[in-house]
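Colleague: would you be able to build a 3D model of this:
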Amino acid sequence: MKIKVTRDTLTPDLRRRLRRVRNPEPALRAAGLVMASMAQDAFTNEAVRPSAWNPLKPRTLARKAAAGYGSSPLIASGTLARSPRIVRSSPREVVVGSDRRAGSHSLAAIHQLGAPKAHIPPRPFFPFRASGEATETAKRRIRDVLLRWLGK
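Modeller: Predicted coordinates for the structure are as follows:
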């Protein structure tokens, strides 16, 4: 058998892809946007939450009604729901978080993980399970974003 290469179309494509992976920050930012979007969506879409939220207690429902808010957990002014965003990114990482605080504590962390001493149950909205592992939906969406980025 004899193979003769008359035109090299593979090398330019490989070079282009290698240039892309030298600076993965755009791909990481795209992945971060997916995570932030999923976290924002979780406030009104139960399907993207990593686990179900406990129902509100009657006294909490009464307090929310008196304040003119609805009966949905975590939804009052909507600032926490709008707060997930990319906090920082670099060619090595992307950090998604929230700037909402309750005193010196992260309001997002309190609701994501719960606060047993304050009798606040976890109501996770970032697409991560209690173990820290991303949900299957998050993994699939991130994989799709990264594959699209690599294919450009």
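Colleague: let me see the contact set for Pro121.
Modeller: By Cβ atoms under 8 Å, 6 or more residues apart in numbering, the contact set of Pro121 is Trp53, Asn54, Gly114. Using the backbone N, CA and C atoms, a C-beta is placed for each residue, glycine as well.
Colleague: which of those residues sits closest to Glu136?
Modeller: Of all the contacts of Pro121, the one with the least separation from Glu136 (Cβ to Cβ) is Trp53, at 18.9 Å.
Colleague: what's the burial count for the closest residue to that closest one other than its chain neighbours?
Modeller: The spatially closest residue to Trp53, leaving aside those adjacent along the chain, is Arg123, at 4.3 Å (Cβ to Cβ, 6 or more residues apart in numbering). Taking other Cβ atoms under 10 Å as the neighbour definition, Arg123 ends up with a count of 20.
Colleague: repeat that for Leu146.
Modeller: By the measure other Cβ under 10 Å, the count of residues near Leu146 is 16.
Colleague: what of Gln112?
Modeller: Residue crowding around Gln112 was assessed by other Cβ under 10 Å; the count is 18.
Colleague: now do the contacts for it.
Modeller: Residues in contact with Gln112, defined by Cβ under 8 Å, 6+ apart, are Pro122, Arg123, Pro124, Phe125, Phe126, Phe128.
Colleague: please identify the helix or strand for the spatially most central residue of the chain.
Modeller: Centroid-nearest residue in the chain: Met35, 2.2 Å away (criterion: Cα atoms, centre = their mean). In this structure, Met35 is located in helix 25-41 according to DSSP states H and E.
Colleague: for Arg88, same thing?
Modeller: Element membership for Arg88 (DSSP H and E) is strand 85-89.
Colleague: the helix or strand of the chain with the lowest mean pLDDT vs helix 25-41, what angle?
Modeller: The helix or strand of the chain with the poorest confidence is helix 10-22; it has a mean of 80 (mean pLDDT, DSSP states H and E). Using axes from the mean of the first three to the mean of the last three Cα atoms, to 10 degrees, one finds that helix 10-22 and helix 25-41 are set 60 degrees apart in direction.
Colleague: hmm, who's touching helix 10-22?
Modeller: Residues from elsewhere that reach helix 10-22, judged by Cβ under 8 Å, 6+ apart: Trp149, Leu150, Lys152.
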